[in-house]
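Take a look and give me a structure for this.
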Amino acid sequence: MSDPVEEHALTIRDARILTLGGARPRRGETMSELGIVERGDVHIRNGRITGIFGSGEAPGGGNIIDARGRVLMPAFVDCHTHACWSGDRLDEWDMKRRGAAYLDILKAGGGIMSTVRAVREASQEMLTRDLIGKIERMQREGTLCLEVKSGYGLSTEDELKMLRAIRDAAEQTETPVMLTACIGHAIDPDVPREKFVQSSIHETLNAVHESFPDACVDAYCEEGAWTLEECIALFSRAIELGHRVRVHTDQFHSLGMVEWAIGHAAKSPSESGVLSVDHLEASKPELLSRIAGSSLAAVLLPCSGFHTDDRYADGRALADAGGIIALATNYNPGSSPTASMPMAIAMAVRKCGLSAQEAIAAATVNGAWLLNQHDRGSIEVGKAADLILLRHTDERMLAYEFGGNPVDVVIRNGRVLHQRA
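Have a look, this model is predicted:
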């Protein structure tokens, strides 16, 4: 009979290993330092990385994968998604192709509100089932840790329904999923504005706090969505209750939300609770420099620009100024219908000015840092063995190619979850 401990052992041999170990978050010159082992072995036991060795030097026992020089790296961390939704936005996509602007569709009651109506009609079980399917697709492309936002409910009952569905999908797929209550996503046009905003801040936020006290709180500061003053009121209350804050800001217009976030981030993290500013397509160079000098993560979402209006955040300026950059898909039915982190990497290099190495760090170790998942995002002894083996022998191919799935093997908690035949 085989040793029961060794039954849970796995060795990946002869790989080009991107460890991304050491200090986190990566910023400045360290964004390009991937901790490369040119040819080596990684040994795993009981879901944990137990050793990183020279090629052929790992101990025997358990299952063996021959990498044949292919790239072994941490699994992707997708730190900004709206992956829980119902319905589709195909008709609106046709409208955009005929020239309708995203904000005009939103103001006319479409956009986010069309998905809100579909989510309200869906049962919690349906939302859970649909999200499980999306998570499984993301896993096949190498994403094993992610954030999922609510925000398509816009009522206390429906926001809680979404958060419960996200929690259940995470449990059923055994996937680390960080919950974000995006209760400031849009303004319900069927409710008087002041009444809706006050209800969101007091009734919905209080209910979220009672049921999901560890959830982040998010809002969309934009023309046609939440104003700067409304966002500040929501975030101030959320911080008072002990929640951390994520901010959708400067996608189309720079309205002052970034300046507010920088000001709060200057306080100690336990006081401020402000974690990130996401989008930044409309941020001016001097504002990007201020973000880079803060403790905030700047989350780049280039797949949105690709699908909407070909506008992108200046990732090069952020990187050169020493900013903390994370990269995500923004997976959603309206502005970014993709779950592919490899596609986000390809777009970040082409459109945001990052190097391939910087984009890889932004898609792994920095995303894990932002989500407070310090057990993931790097290959280090003692950490969770969430790894991917690419079909490439050079990691730059992740950015050079676009479209398709470059992941040959997905390893979750030390076990092979998917393997290309």
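
what's the distance between Arg45 and Ala297?
Between Arg45 and Ala297 the computed distance is 33 Å (CB to CB, to the nearest Å). Every residue, glycine included, has its C-beta placed from N, CA and C.

And those two? Which one has more around it.
Of the pair Arg45 and Ala297, Ala297 is the one with more neighbours under other CB atoms under 10 Å, namely 28 against 20.

Cys303: how many residues sit nearby?
Look at Cys303: counted by other CB under 10 Å, it has 27 neighbours.

Looks like it contacts Ile345 (just checking).
No - counting by CB atoms under 8 Å, Cys303 sits too far from Ile345 to count as a contact (10.2 Å).

Please parse the protein into its domains.
What automatic domain parsing lists as the domains of the chain is 6-73+378-419, 77-370.

How far off centre is the longest one?
Relative to the centre of its chain, domain 77-370 is centred 9 Å away, using CA atoms, centre = their mean, to the nearest Å.

Averaged pLDDT, that domain. What do you get?
The average pLDDT within domain 77-370 is 94.

Could you tell me the end-to-end distance of that domain?
In domain 77-370, first residue to last residue: 10 Å (CA to CA, to the nearest Å).

same deal with stretch 85-95?
So stretch 85-95: terminal residues 21 Å apart, CA to CA.

Likewise for stretch 307-315?
Start and end residues of stretch 307-315 are separated by 18 Å (CA to CA).

repeat for stretch 284-297
By CA to CA, the extent of stretch 284-297 from end to end equals 17 Å.

Buried residues, it. List them.
Buried positions in stretch 284-297, judged by neighbour count with 16 or more other CB atoms under 10 Å: 287-292, 294-297.

Mind checking which of these land in strands?
Members of these lying in strands (criterion: DSSP state E): Ala297.

Out of the buried residues of stretch 284-297, which comes closest to Ser254?
Distance to Ser254, by CB to CB, is smallest for Leu287 among those, at 6.8 Å.

quick revisit: winner for burial among the domains of the chain?
Mean neighbour count (mean count of other CB atoms under 10 Å) peaks for domain 77-370 among the domains of the chain, with a mean of 21.

Rounded mean pLDDT for stretch 383-402, please.
Stretch 383-402 comes out at a mean pLDDT of 98.

Please state the offset of it from the chain centre?
Taking mean C-alpha positions (CA atoms, centre = their mean), stretch 383-402 and its chain are 17 Å apart.

What's the end-to-end length of it?
First residue to last in stretch 383-402 (CA to CA) measures 30 Å.

same check, this time on stretch 171-184
With CA to CA applied, stretch 171-184 spans 26 Å between its terminal residues.

Helices along the stretch 301-421 of the chain, start to end?
Remark: helices assigned in the stretch 301-421 of the chain by DSSP state H, counting those that start in this stretch are 302-307, 315-320, 341-351, 356-362, 365-370, 397-400.

Quick one, which of the ones you listed gets closest to Asp104.
Going by CB to CB, the one of those nearest Asp104 is helix 302-307, 16.2 Å.

for that closest one, packing partners?
helix 341-351 (3 or more CB pairs under 8 Å, 6 or more residues apart in numbering; DSSP states H and E).

just checking, what packs against the helix it packs on?
With contacts taken as 3+ CB pairs under 8 Å, 6+ apart, helix 341-351 sits against helix 302-307, strand 324-327, helix 356-362, helix 397-400.

what does that helix contact?
With contact meaning CB atoms under 8 Å, 6 or more residues apart in numbering, helix 341-351 is reached by 76, 78, 138, 141-143, 300-303, 305-306, 312, 315, 327-329, 338, 354-356, 359-360, 362-363, 398-403, 405-407.

Strands of the stretch 201-350 of the chain, residue ranges please.
216-221, 245-249, 274-279, 297-300, 324-327 (DSSP state E, counting those that start in this stretch).

okay if I get those strands as CSV plus distance to Ser55?
Shown next, in CSV, are the strands of the stretch 201-350 of the chain (distance: least, CB to CB, whole Å):
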stretch, distance to Ser55
strand 216-221, 42
strand 245-249, 41
strand 274-279, 39
strand 297-300, 35
strand 324-327, 30
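
For Gln198, which of these is the nearest?
Short answer: strand 216-221, nearest of these by CB to CB, at 14.2 Å.

With only the CA atoms kept, save the closest one in PDB.
Taking C-alpha atoms only, strand 216-221 is exported to PDB below (Å, rounded to 0.1, in the frame of the first residue of the first chain):
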ATOM      1  CA  CYS A 216     -15.700  45.600   0.700                       C
ATOM      2  CA  VAL A 217     -18.000  48.400  -0.400                       C
ATOM      3  CA  ASP A 218     -17.800  50.000  -3.900                       C
ATOM      4  CA  ALA A 219     -19.500  52.700  -5.900                       C
ATOM      5  CA  TYR A 220     -19.300  54.100  -9.500                       C
ATOM      6  CA  CYS A 221     -18.500  57.800  -9.400                       C
END
